[in-house]
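J.: Here is the input, now give the coordinates:
(2 chains)
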Amino acid sequence: MDKRTAIRALGLISGGLDSTLAARVLLEQGIAVHGLNFSTGFCTNDQRRAVGRDAEEPRRLRNEALRAGADLGVEVEIVPVEKEYFGIVAHPKFGHGANMNPCIDCRIFMLRKARSRMDEVGASFLFTGEVLGQRPMSQHLAAMQTIEREAGLEGLLLRPLSAHHLPETIPEKKGWVDRARLLAITGRSRKGQLALAQTFGIDEFPQPSGGCCSLTDATFSRRLRDILDHEVPFEPGTEDPVLLKVGRHFRVSHRVKVIVGRDEAENRFLERVRRGRWAFEVPDAGSPLVLVQGEPDEAERKVIAAIAARYSSRRSEALVQVRATKEDGSETFQVTPAAETLLDAARI
Amino acid sequence: MRVVCAGPHRGSAILSRPVEVEERVRERQDPGASPSERRCFPPPDERLDTVGLFCPIPIIKTAARMRGMKPGDVLEILSDDRVILVDLPNWCKSTGHAFLGYHEQSREMHLFVRKG
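T.: From the prediction side, this is the model:
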């Protein structure tokens, strides 16, 4: 490997195969690499980790960006951006994809952030693992040019894996990077990347099919859209995004929704975050913890009690005792378990 | 109770993979570290409590704390997120710091890192 390290590049490194290969291609040319990974609060691994199922093998929940950094010998700096990022999720200039994923705005956001770090780390240009034609929303030519322009990086953003299909960049023109040693991968097939990984001896990488961002998940997105459409507090950077991945969700009224734990791990998580909220459960029975978001009135509390009864081991009984507790008090209900019609109407 | 030391302490070099040190530890009512655990690690210069926080937050906080420490200083990190056992060594490997190992009490881990 060429030991010249006069030129430094700053790259977005997710830990996925593409960004790992992009970094490796530059390292092979003697370019020094510094990685950035942004913690948006919508990483599925981070959310699974927070729920903390004991049976989950820690390696399966590892941070892939840190793993890639270790494998490459490259520092990957993790930058928390949850609060700021939520703004573009709620109101993306370039719209959402199939779900709540604001892919173009997301890329612009991250690249702008990276651009502001260039001087601090002594980087001359930025790079990503983007592949022309791979992702439908953000990786076609027009989108990639928009992203580069909106991020203020025209000419300074190198995509090593697809460089031969893209205009020559400043690092190539200046000879910092040898264009002949960059690649011409395009499209959705992974063959080019897998072959390159084999050449480099890279055999540790997560599944390249995506799915690491909750915003591409239909159920998660539906629940997030529900939050935005109703008066339910939502604080990025807390357990609020994780709650959207946990349990069954039902809307009781414009101001009140409930989350019904589905297993022991989810019940434990809901108990850990209840923090001044109402919680319902059926005593002396197999029961979920039902966490309430919002302040239910008495009629709404009865509906919630019926939902808790429906998901308990006493669901087939005519009347079920349900206990509702909050920090400053508790009450008990005798309710008929909720009917399927109510659940279907309320389910988010 | 498990104690995992990453080999003998050798300055700021990144150490090879941790060698498990299996020890019997008597039940104690005092939850502090046993003498055998304390012997394994140098006394920390700083301590960072990340209990209740989940990766990547402990790593972010560790990185921030380490920036203010001197080379050779030892940071003790408290965590109850088991994935830190994978993430912290990876972070150390890529940043030039030394992961010294950890000991565990109940569900809480005490991890030690020496600044490179």
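J.: can you give me the strands in chain B?
T.: Under the criterion DSSP state E, strands of chain B are mapped to B:3-5, B:19-21, B:46-49, B:74-79, B:98-105, B:108-114.
J.: Can you pull the residues of chain B lying near chain A?
T.: B:54-57, B:59-60, B:63, B:81-83, B:85-87, B:89-91, B:93-95 (C-beta under 8 Å from any C-beta of the partner chain). The way it works is simple: take the backbone N, C-alpha and C, and place the C-beta from them, glycine included.
J.: distance between the helix or strand harbouring A:Ala70 and the chain's centre?
T.: Using DSSP states H and E, the element containing A:Ala70 is helix A:64-72. Taking the mean of its C-alpha atoms, helix A:64-72 sits 18 Å from the chain's own mean (C-alpha atoms, centre = their mean, to the nearest Å).
J.: Let me have it in CSV, keeping just the CA atoms, if that works.
T.: Extracted C-alpha coordinates of helix A:64-72, given in CSV (Å, rounded to 0.1, in the frame of the first residue of the first chain):
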residue,chain,number,x,y,z
GLU,A,64,-21.3,-1.4,11.9
ALA,A,65,-19.6,2.0,11.3
LEU,A,66,-17.3,1.3,14.3
ARG,A,67,-16.7,-2.2,13.1
ALA,A,68,-15.8,-0.9,9.6
GLY,A,69,-13.5,1.7,11.1
ALA,A,70,-11.7,-1.1,13.1
ASP,A,71,-11.4,-3.3,10.0
LEU,A,72,-10.1,-0.4,7.9
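J.: Got the confidence number for A:Asp18?
T.: On pLDDT, A:Asp18 comes in at 95.
J.: What about the nearest residue to B:Leu100 once chain neighbours are set aside, how many residues nearby?
T.: Among residues not flanking B:Leu100 along the chain, B:Phe112 sits closest, at 4.0 Å (C-beta to C-beta, 6 or more residues apart in numbering or on different chains). Residues near B:Phe112, counting by other C-beta atoms under 10 Å in any protein chain shown, number 23.
J.: Pairing partners for B:Phe112 in the sheet, please.
T.: Beta-bridge partners of B:Phe112, counted by DSSP bridges, are B:Glu76, B:Gly101.
J.: Could you report the separation of it from chain A?
T.: Taking C-beta to the nearest C-beta, to the nearest Å as the measure, B:Phe112 and chain A are separated by 18 Å.
J.: Show the buried residues in the residues of chain B next to chain A.
T.: B:54-57, B:59-60, B:63, B:81-83, B:85-87, B:89-91, B:93-95 (16 or more other C-beta atoms under 10 Å in any protein chain shown).
J.: Which ones among the residues you listed map onto helices?
T.: Counted as lying in helices by DSSP state H, out of those, are B:57, B:59-60, B:63, B:85-87, B:89-91, B:93-95.
J.: Buried residues of stretch A:101-117, list them for me.
T.: Neighbour count says stretch A:101-117 has A:101-111, A:113-115 buried, by 16+ other C-beta under 10 Å.
J.: Tell me the gap between it and the middle of its chain.
T.: Distance of stretch A:101-117 from its chain centroid, counting by C-alpha atoms, centre = their mean, is 14 Å.
J.: quick one: that stretch near chain B?
T.: No: contact of stretch A:101-117 with chain B (C-beta under 8 Å from any C-beta) is absent, the minimum separation being 14.0 Å.
J.: what packs against the helix ranked longest in chain A?
T.: Assignment by DSSP H gives helix A:103-121 as the longest helix of chain A. In terms of contacts (3 or more C-beta pairs under 8 Å, 6 or more residues apart in numbering or on different chains; DSSP states H and E), helix A:103-121 is packed against strand A:8-12, strand A:32-39, helix A:82-90, strand A:125-127, helix A:141-150.
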